[in-house]
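**Q** predicted model, plus sequence, below.
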Amino acid sequence: MVNTVFQVANALYNSSCLKFGSFKIKSGALSPYYIDLACLLSSPKELCIIAETAASGIKNIMSTVKIDKLASIELKGALILPSIACKVNLPCVVVRKEGKAYGATGRIAGAEVRKGEHILFFDDVVSEGSSKLEGMKPLEELGANVENILVVVDREQGGRENLEQLGYRVHALAKISELVNCLLQLKRISEEQASTVLNYIKKP
């Protein structure tokens, strides 16, 4: 676990995926940090590290439960999903935020979703959990079993607990508090930056 957190922390920091400052997040609230996985596209080395770490996590999950396909919702998680799918040799599915009205219509792109299949849902972060439910709904409506969720970072804002209360199993490569403490120990960030984030996640 410690080695995983170290790898994820360094990869997100070196690729500028993990940013510190003041950012407006989806809920409208201000956050002292932001995670943008799209930055991995300009950092192949770090992209490979995150993909390999996620693949290792998925293989651990697959050692105890059946997984037929991987899925994510556009955009952030979907950007690196194919890189992960190649490493675990599983088909992948991208859920569009809106249905496509031309060509191959609907909200599902990629592999066909069949009734009864076990699909692992992957995404960049979990905050409150609502976007995960939005992304998984079209898969479940097609009859897929979505029981496991893997995110790169748990923002520790109640989303993991909310989803687990609904019966999902939520896995994270790292918690934001673990990443911040790791970067502080490595002297990549200041004590002020670390305390600002740690105090932020303690708020109700």
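**A** Structure's in. What do you need?
**Q** which residues sit in contact with residue 194?
**A** Applying Cβ atoms under 8 Å, 6 or more residues apart in numbering to residue 194 gives the contacts 180, 181, 183, 184. C-betas here are computed from N, CA, C, even on glycine.
**Q** out of these, who has the most neighbours?
**A** residue 180 (26 neighbours; other Cβ atoms under 10 Å).
**Q** now do the strand or helix carrying that residue, average pLDDT.
**A** Following DSSP states H and E, one finds residue 180 within helix 176-185. Averaging pLDDT along helix 176-185 gives 97.
**Q** contact partners of it?
**A** Here helix 176-185 has contacts from 5-6, 8-9, 12-13, 18, 33, 153-156, 189, 191, 193-194, 197-198, 201, using Cβ under 8 Å, 6+ apart.
**Q** hang on, residue 168 packs against residue 148?
**A** Yes: in this structure, residue 168 is within contact of residue 148 by Cβ atoms under 8 Å, at 7.3 Å.
**Q** buried set for the lengthiest helix in the chain?
**A** Longest helix in the chain by number of residues (criterion: DSSP state H): helix 44-62. Residues of helix 44-62 classed as buried under the neighbour-count rule (16 or more other Cβ atoms under 10 Å) are 46, 47, 49, 50, 51, 53, 54, 55, 57, 58, 61.
**Q** wait, what's in contact with the last one?
**A** So the one you mean is residue 61. Residue 61 neighbours (Cβ under 8 Å, 6+ apart): 67, 120, 148, 150, 171.
**Q** which of those fall in helices?
**A** Going by DSSP H, the helices hold none of the contacts of residue 61.
**Q** so which of the residues you listed are in strands?
**A** Assigned to strands by DSSP state E, the following of the contacts of residue 61 qualify: 120, 148, 150, 171.
**Q** in CSV, list the residues you listed along with pLDDT.
**A** CSV is the format used below for the ones in strands among the contacts of residue 61 (pLDDT from 0 to 100):
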residue, pLDDT
120, 98
148, 98
150, 98
171, 97
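**Q** nearest to residue 142, of the residues you listed?
**A** Nearest to residue 142 out of these is residue 120 (Cβ to Cβ; 15.4 Å).
**Q** against residue 166, how distant is that closest one?
**A** 16 Å (Cβ to Cβ, to the nearest Å).
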